[in-house]
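Visitor: show me how the following folds:
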Amino acid sequence: MINLKLSFILICVTSVVMGQKMDKSKLDSTIAGYYKDPTAPGISCAVSQNGRLIYRYAIGLADLKEKRAITSSSHFRLASVSKQVTAQAIYTLVIQKRLKLEDPLALFFKDLPVALKDITVAQLLQHTSGIWDYEELIPKERKDQVSDKDVLKYIRQTNRLYFPSGSQFRYSNTGYCLLSLIVEQVAKKSFASFVKSQLFEPLGISKGMVYEPGATVDERVYGYHPTEGSYLFADQSVTSATQGDGGVYLSAEEYHTWANFLVKDRLIQPGLEQLFGQMAYPVKDGIAYHFGWFIQKNAGHKILFHSGESTGFHHIVYIDVQKDLVVSLFSNRDDFMIGEAFDAILKTMGISKPVLNGQHRSTFAWLNGVYANE
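Guide: From the prediction side, this is the model:
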């Protein structure tokens, strides 16, 4: 019999976070105040510091049909949280001296329109390319899912940009789909294989993956859309099969392995540290962007955060680099409850939310506005 009661794991009653005790029972109560029903789609929350998981909590069902509970080892499709993985795949090739951030698209793809040829890898990473949103180019009658190669095909038909490349910020899924194709061009292997062999396996992440058609996802979480009194199965859409902009599947536990690799390895490398500092491109409200992260500098601390929005899924992740602190929330329901829950969790932990903009109720809502180019 599947236990449909609240699923959670507590390592101990309290932990020390940022020199203060974190009351786990208060965190439990905070999350339970938003996600109350263990028989509905829910959430997996985790906190780690200094490379060690200090809090895990999960409630709800990964699959309503099978009545299978969400746990900290359940695999979610990460949507735009995947962009940090795509960016690190590119940076791995930079470290290996197999490409440069200044390289133009014309170096990797033939038959590009003139307007696109000089867009650089760095501009794709920063969302400053001005390249057209592929979602606007999909024929209305299309029913089968779009691939990253389809994205390339669509933008080859558009000899125009929203603005001159490098002149302003506009969030772009197209750019990160092209980055995955650049990895394939340079590495001479599939994007999924490159991420697995160069990034995940060296960290001991054996079940997480970039999804490919026909692959089996262990302990897979399915996505749902809340409606009046029920939840509609909403796991896939025409745009949910692209890889570079949102195709990574990880569990909460695996994500913290990944995030701690970023904090303890990648983010302390001088080259990447400079890119996250001087080369991060301003977005608004004191927030900048680079390498798959929104970046805030606050009282000497570098705060990284990003959300993921896709049919059936809403997520948000947070890193305080100096405090070596990682917070993640993964949800298989695509409503905005996660926004208020995330801000409340930070408040319970004594942390200010990254964006203090009165026009938005939550950090998640602020990010949603950025994605919509508001």
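
Visitor: now the closest residue in space to Phe313 that isn't next to it in sequence: how far from Leu61?
Guide: Excluding its sequence neighbours, the residue lying closest to Phe313 (Cβ to Cβ, 6 or more residues apart in numbering) is Gly223, at 4.7 Å. C-beta here means a position set from N, CA and C on the backbone, and glycine is covered the same way. Gly223 is 12 Å from Leu61, where distance means Cβ to Cβ, to the nearest Å.

Visitor: what touches both of those two?
Guide: Pro41 (Cβ atoms under 8 Å, 6 or more residues apart in numbering).

Visitor: wait, Gln185 sits on Phe108?
Guide: Yes - counting by Cβ atoms under 8 Å, Gln185 does reach Phe108; the two are 4.8 Å apart.

Visitor: ok, the two, which is more surrounded?
Guide: A count of neighbours by other Cβ atoms under 10 Å puts Phe108 above the other of Gln185 and Phe108, at 18 against 12.

Visitor: got the contact list for that one?
Guide: Contacts of Phe108 (Cβ under 8 Å, 6+ apart): Leu181, Ile182, Gln185, Val186.

Visitor: look at it and report its pLDDT.
Guide: Note on Phe108: pLDDT of 98.

Visitor: and it, backbone torsions?
Guide: For Phe108, the backbone dihedrals (degrees, to the nearest 10) come out as phi -110, psi -30.

Visitor: one more: the one 3 residues further on?
Guide: The phi and psi torsions at Asp111 (degrees, to the nearest 10) take the values phi 60, psi 40.

Visitor: ditto for the one 3 residues further on
Guide: When quoted as degrees, to the nearest 10, the phi and psi of Val114 stand at phi -60, psi -40.

Visitor: ok, the residue lying closest to it once chain neighbours are set aside - contacts?
Guide: With Cβ to Cβ, 6+ apart as the criterion, Val114 has its nearest non-adjacent residue at 6.2 Å, and that residue is Asn159. For Asn159, the contact set (Cβ under 8 Å, 6+ apart) comprises Pro113, Val114, Ala115, Leu116.

Visitor: kindly report the same for Ser147.
Guide: By Cβ under 8 Å, 6+ apart, the residues touching Ser147 are Ala241, Thr242, Gln243.

Visitor: where are the low-confidence patches of the stretch 251-374 of the chain?
Guide: 356-360 (pLDDT under 70).

Visitor: can you pull out the helices in it?
Guide: 252-264, 270-277, 337-348, 363-371 (DSSP state H, counting those that start in this stretch).

Visitor: hmm, who's touching the second one?
Guide: Outside helix 270-277, the residues that touch it by Cβ under 8 Å, 6+ apart are Tyr91, Val94, Ile95, Leu101, Arg266, Leu267, His290, Phe291, Trp293, Ile295, Lys302, Leu304.

Visitor: how about the secondary structure of Ser180?
Guide: Recorded secondary structure, Ser180: helix (DSSP: H, G, I helix; E, B strand; the rest coil).

Visitor: distance of it from Ile303?
Guide: 27 Å.

Visitor: kindly report the same for Tyr249.
Guide: Taking Cβ to Cβ, one finds Tyr249 at 26 Å from Ile303.

Visitor: so who does Tyr211 touch?
Guide: Contacts of Tyr211 (Cβ under 8 Å, 6+ apart): Arg77, Ala192, Val217, Ala241, Gln243, Gly247, Val248, Tyr249.

Visitor: and it, its phi and psi?
Guide: On the backbone of Tyr211 - angles per degrees, to the nearest 10 - the values are phi -70, psi 140.

Visitor: same check, this time on Asn50
Guide: phi 50, psi 40.

Visitor: wait, what's in contact with it?
Guide: Here Asn50 is in contact with Asp324 (criterion: Cβ under 8 Å, 6+ apart).

Visitor: could you turn the buried ones of the contacts of Phe108 into a PyMOL selection?
Guide: PyMOL command restricting the contacts of Phe108 to the buried ones, with burial defined by 16 or more other Cβ atoms under 10 Å:
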select buried, resi 181+182+186
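
Visitor: now distance to Asp324 and pLDDT too, for the contacts of Phe108, in JSON lines please.
Guide: Shown next, in JSON lines, are the contacts of Phe108 (distance: Cβ to Cβ, whole Å; pLDDT from 0 to 100):
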{"residue": "Leu181", "distance to Asp324": "34", "pLDDT": "98"}
{"residue": "Ile182", "distance to Asp324": "31", "pLDDT": "98"}
{"residue": "Gln185", "distance to Asp324": "35", "pLDDT": "98"}
{"residue": "Val186", "distance to Asp324": "32", "pLDDT": "98"}
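
Visitor: hey, C-alpha coordinates of the longest strand along the chain in PDB?
Guide: For the chain, the strand with the greatest residue count under DSSP state E is strand 301-310. The C-alpha trace of strand 301-310 is given here as PDB (Å, rounded to 0.1, in the frame of the first residue of the first chain):
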ATOM      1  CA  HIS A 301      27.300  38.400  -1.200                       C
ATOM      2  CA  LYS A 302      26.700  37.000  -4.700                       C
ATOM      3  CA  ILE A 303      23.100  35.700  -4.900                       C
ATOM      4  CA  LEU A 304      22.200  33.400  -7.800                       C
ATOM      5  CA  PHE A 305      18.600  32.500  -8.500                       C
ATOM      6  CA  HIS A 306      16.400  31.200 -11.300                       C
ATOM      7  CA  SER A 307      13.000  29.700 -11.800                       C
ATOM      8  CA  GLY A 308      11.600  27.100 -14.200                       C
ATOM      9  CA  GLU A 309       8.200  27.400 -15.800                       C
ATOM     10  CA  SER A 310       6.800  24.700 -18.100                       C
END
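
Visitor: can you tell me the closest non-neighbouring residue to the residue positioned nearest the centre of the chain?
Guide: The centroid of the chain falls nearest to Val81 when counting by Cα atoms, centre = their mean (0.3 Å). What sits nearest to Val81 in space, not counting adjacent residues and going by Cβ to Cβ, 6+ apart, is Gly308, at 4.0 Å.
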